[in-house]
Structures are given as C-alpha cells and as structure tokens.
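Q: sequence plus predicted model, see below.
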Amino acid sequence: MSIQIETDILVIGAGLTGLTTAFYLNKAGKNFMVAEVKPVAGGVIQTIEQDGFIFEKGPNTGVLGNDLAVELFDDLGEACQLEIAGKSVNKRYILKDGRWEALPSGVLGGIVTPLFTFADKLRLLGEPFRKPGTNPNETLAELVRRRMGKSFLDYAVDPFILGVYAGDPTYIVPKYALPKLYNLEQKYGSFIGGSVKQAREKKKLGIVSRATREIFSVKGGLSNLTKALYQSAGESKFLLGISDLSVQPVHGGFVVVGVDADKNEMIVKAKKVISTVGAHRLKTMMNFLPEEFYKPIVNLQYAKVVQVSLGFKQWDGMKLDGFGGLIPHKENRQVLGVLFPSAFFPDRAPEGGAMLSVFMGGVRRPDIYDMPDEEIRRIVDKEIKSLMGLKEFNPDIFHISRYKHAIPQYGADCAERFDAVEKAQEKYPGLIIAGNLRNGIGMADRIQQGRQLADAV
Ligand SMILES: Cc1cc2nc3c(=O)[nH]c(=O)nc-3n(C[C@H](O)[C@H](O)[C@H](O)COP(=O)(O)OP(=O)(O)OC[C@H]3O[C@@H](n4cnc5c(N)ncnc54)[C@H](O)[C@@H]3O)c2cc1C
C-alpha cells in the first residue's frame, strides 16, 4: 500500500532539535509533519527508570546557556518541570597524578591549586596584554598554549574538551566550536579583560540575559522534556518508524519517500524540508545533492562514545560532593570522566545510594566502542574502584550505551562545510540542512537552533 501525505513543512528527525522545531511550528499554527526513523521521539535523549534509579543513556545535563533555552521551559509550562542542579555542582574535579583535585573557582584557589605550574600561573597575569591570534583555523590547543600556558591546556582545557566533545583540543577549532571564547579574543584582545569589558558593555546597554548558565535537567529525567515537546507539538504530526527516507527536489518543493513500520510506502509532498539528522545520514537521504555540496558536509568527524551508567543502592566510595571528575589525556586512563548525577539532582538513586555516569572512548580511544561488554565491564571495574575509592565493584545497575556518531567535532573543515550547506540551501529553495552538524552540540544550542528554524519558516 502507498500512503500519500501533503504538508507545507517536513521536519526530518525527532531528536531535541526536530522536536523543538515542531513545538514552535505548532505554536505558530503551521502546517507541518515530522518523520523519524525510530519508533519513539527523543533522539539520543533517553531516560531509564529502574529499581529506584533514574539514569540517562545519552546526555545527562544541559547548560542554560542562551535565552531561547530558558524560554522553551516557560513555553512548555506545566508540561515539563525544569530541574536546576544543586550548588554542589559547581565543584568539579580533575585527576592529576592519580588524585582528584578540585578545579579552582576563585583567585586564592587559583594560586594554591597544584593543577597548574607556578610559571603558568604567573604567565596568566600577562594574558590581557598578549596580542590576539590572526589564524582563524588555529586549534584550541595552539590558542591556549599561546595565551595561557601548557599546564592550563593539559589540566583545564583538555579535560573540558573531553567532557564536552569527547574530543581533542589539537583538532577542535575555537572559531567554530567555542565562538564566544574566540570572539572575546578577537573583539577585546583577551579572555580575562574581554569578559570584564563585555559584561560592562552589556550592563551599559541594559542587556539582561536570562541565560544563567545553570546546569539543568527535568524532573524525572530528560525524556520528560522530549515527551513534553512531542505531546505539545501534537502526536498526530509525527510519522515514527519511517525507514529508507529519501528526499528529491521537485517543482515547488520536495517529494520524500520512505517505508513505514507496516512496510507501506509513504510519500510526503512538502514545500519545505528541514533536516535535523546527523551529517553521516545525508548522503543516502539526499542523494540528489551534488558531490561538491554533500562531501564537505558528510566529512564531519564524530567522536564515538560509550556511556556506562552505574547505580549503587548503598554507596561507600568517595564523598560525592560535586558535578563529577574529568580525566586529562596525560593521566593515561581508560575512562574520560565520571559524572555524579545523584549528587546534584534528587531522586536519581535510592537514599544512601549513588548514580554515576562513566564516559569512555572519544576521539582518542574509538576502539572502546567496539569492545565486547565483558571487556568494558572489566575496565570500568578496575578504573572505578581506584578512581572512586571503592573496595568492591558490585553495582546494582550496570548499563552500557554506545554511540557511534555521538559528538561532531568542529575542526578547521567547518568553514567549507558551512559554505556547502549555505550553497545547497540557495540552490534548492525550501531545503534546510540543520542539526548538530552546525550551530553547536549542546542541548541549549539544539533548542536555540530548533526555535530559530521554526521562526525562519
Ligand atoms: C552520549 C552523549 C552524551 C551527551 N551529553 C551531553 C550533555 O551532557 N550535555 C549536552 O548539552 N549535550 C550532550 N550531548 C549532545 C546532545 O545530546 C545532542 O547534541 C542533542 O541531544 C542532539 O539532538 P538532535 O536532535 O540534534 O540529534 P539526535 O538526538 O541525534 O536526533 C536526530 C534524530 O534523527 C533521527 N534520524 C536519523 N536518521 C534519520 C533518517 N534517515 N530518517 C529519519 N530520521 C532519522 C534519529 O533517529 C534521531 O531521532 C550528548 C550526546 C551524546 C550522544
């Protein structure tokens, strides 16, 4: 059987980006549909509730890093309850010489911390007076070495990039991956002086941002956010379980063909198509794109990530009094970092217990993604016992989640990619190539892009 649908806008992908787009399209009264290959909406956001634990298979927390993310929660109202992490979240650990050291937050902490060398601490005083860089493709490692010193690269920036990108600062390019930081240097000539000047300028202009940069989740876990978006956007708008999706431009729009869960052919005629899927999916989905457009897009590299969720009904390891700990590459461990979600969100573990999220793999250890479960368990057992001060490793929850295309790596090839996206969109009016291949990888970035896509159409 063949099912035919006509709509003004077809959104492809029902992860956080596609769901936010759909939510705002619905709010604006637009005629739209969403096609998703999986039988459920949510993308990589998936919460599991098991034996008194609540844990995430994908992202654990977001940062309220822009106004549109804050507005989304206002707009969702009672459909979804924002949960802001407790104060303990501000304490972050970095492993140095096998010991956890708290990342300093104030001047005094910065002076006494063993994380950075005395020479680099002195050198930091000169940061506001150093010349801005001139190479737009300078890597983050080069930028940090130039402005701050090697120990800051090794014990602050390297673990930060592991924590956010599962990436490598010698590949990541700040212009694309950390544009706010890049612009501070380019506009004001310094990170430290620039932050102060920027804050003063905003105050003078009366710009009040609602982006508090607090760490958030939602009550009951992040799936309650994607569920709320799915339901508020209108469940009937979603075509779930649609495989083999293929887009073709036709006069006045696009024809999108796929196969539904009952093996029916599905043909959607749409005036506009918004793709929110990963770059690696585009070649087969949009095989009409000439090589000059699709190649720079699909060349995007992704970090493979393995996340192991550990639940303990009775916790007798180290005190969990922070956000978690990150492990610099120099420490030569098999784990990238450990988050302590039960330490800063209530109800994630039974009283007296703990919920941990262990991250492994990343761009430097893609081999871990392919390891059998028993091997991953053996590594986690050894590492977590020593890192978290446990005598025995007997978790009540041990859950492995694997992501082959977890986090896109914004390197020097972004310029060519963004150019190709723009040219493809110009050549095929009504086509929008979005998703986390551009505009940021964090959840707040995804919400911002989703809202902007809806506003734009
Ligand atoms: C393990 C992990 C941990 C993370 N941790 C954090 C974190 O702590 N904080 C943070 O802010 N961000 C984190 N992120 C990043 C953040 O989760 C993502 O950027 C965001 O959720 C991506 O949303 P999306 O909608 O753009 O993509 P996705 O969630 O990937 O959604 C894309 C959707 O498109 C669908 N799709 C793909 N191909 C097709 C096709 N051919 N036809 C139809 N549908 C298709 C997919 O099934 C999917 O549902 C993490 C990501 C991962 C993987």
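A: Happy to help now that I have it. Computed from a prediction, not measured in an experiment: that's the story for all the values here.
Q: hmm, residue 450 is touching residue 18, no?
A: Yes: counting by Cβ atoms under 8 Å, residue 18 is a contact partner of residue 450 at 7.1 Å. C-beta coordinates here come from the backbone N, C-alpha and C atoms, glycine included.
Q: find residues that contact each of those two.
A: Residues touching both residue 450 and residue 18 (Cβ atoms under 8 Å, 6 or more residues apart in numbering) are residue 276.
Q: quick one: pLDDT of the residue of the stretch 51-200 of the chain found nearest the ligand?
A: For the stretch 51-200 of the chain, the residue closest to the ligand is residue 59, as judged by Cβ to the nearest ligand atom, at 3.1 Å. Looking at residue 59, its pLDDT stands at 97.
Q: residue 189 now?
A: pLDDT for residue 189: 86.
Q: ditto for residue 65
A: Residue 65 is given a pLDDT of 93.
Q: please apply the same query to residue 349.
A: For residue 349, the predicted pLDDT is 97.
Q: now for the helix or strand harbouring residue 183, which elements pack on it?
A: Under the criterion of DSSP states H and E, residue 183 resides in helix 179-188. If contacts are counted by 3 or more Cβ pairs under 8 Å, 6 or more residues apart in numbering; DSSP states H and E, helix 179-188 sits against helix 174-177, helix 191-205.
Q: quick check: domain ranges of this protein?
A: Per the record, the chain has its domains at 2-43+67-73+222-300+410-456, 116-205, 302-408, by automatic domain parsing.
Q: Serialize these to TSV and add fields for mean neighbour count and distance to the ligand.
A: TSV is the format used below for these (neighbours: other Cβ atoms under 10 Å; distance: least, Cβ to the nearest ligand atom, whole Å):
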stretch	mean neighbour count	distance to the ligand
domain 2-43+67-73+222-300+410-456	19	2
domain 116-205	18	8
domain 302-408	19	4
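Q: would CSV of those with distance to residue 109 be doable?
A: Converted to CSV, these look like this (distance: least, Cβ to Cβ, whole Å):
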stretch, distance to residue 109
domain 2-43+67-73+222-300+410-456, 26
domain 116-205, 11
domain 302-408, 14
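Q: nearest to residue 51, out of the ones you listed?
A: When the domains of the chain are compared by Cβ to Cβ, domain 302-408 sits nearest residue 51, at 6.4 Å.
Q: contacting residues for residue 404?
A: By Cβ under 8 Å, 6+ apart, the contact list for residue 404 reads 302, 304, 369.
Q: distance check, the second one against residue 402.
A: Pointing back at residue 304 there. Look at residue 304 and residue 402: by Cβ to Cβ, to the nearest Å, they are 8 Å apart.
Q: could you pull out the strands in the stretch 101-250 of the chain for me?
A: In the stretch 101-250 of the chain, the strands defined using DSSP state E, counting those that start in this stretch lie at 215-218, 238-240, 243-250.
Q: as CSV, those with mean pLDDT and distance to residue 39 would be great.
A: Formatted as CSV, the strands of the stretch 101-250 of the chain follow (pLDDT from 0 to 100; distance: least, Cβ to Cβ, whole Å):
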stretch, mean pLDDT, distance to residue 39
strand 215-218, 96, 22
strand 238-240, 97, 5
strand 243-250, 97, 10
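Q: could you redo these as CSV and give each row distance to residue 257?
A: Listed next are the strands of the stretch 101-250 of the chain as CSV, based on distance: least, Cβ to Cβ, whole Å:
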stretch, distance to residue 257
strand 215-218, 36
strand 238-240, 12
strand 243-250, 5
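Q: what's the closest of those to residue 190?
A: Judged by Cβ to Cβ, the one of those that comes nearest to residue 190 is strand 215-218, at 27.0 Å.
Q: that closest one packs against which elements?
A: Under the contact definition 3+ Cβ pairs under 8 Å, 6+ apart, strand 215-218 sits against strand 62-63, strand 82-84, helix 223-233.
Q: and the ones you listed as CSV, adding distance to residue 186?
A: Putting the helices and strands packed on strand 215-218 into CSV (distance: least, Cβ to Cβ, whole Å) gives the following:
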stretch, distance to residue 186
strand 62-63, 23
strand 82-84, 32
helix 223-233, 34
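Q: hmm, residue 141 and residue 174 touching each other?
A: No: with contacts counted by Cβ under 8 Å, residue 174 stays clear of residue 141, the gap being 10.0 Å.
Q: give the contact list for residue 241.
A: Counting by Cβ under 8 Å, 6+ apart, residue 241 has contacts 36, 37, 38, 39, 260, 261.
Q: which of those residues sit farthest apart?
A: Longest span within the contacts of residue 241, Cβ to Cβ: 38 and 260, 12.7 Å.
Q: show me which residues of stretch 50-67 are buried.
A: Buried residues in stretch 50-67, counted by 16 or more other Cβ atoms under 10 Å: 52-66.
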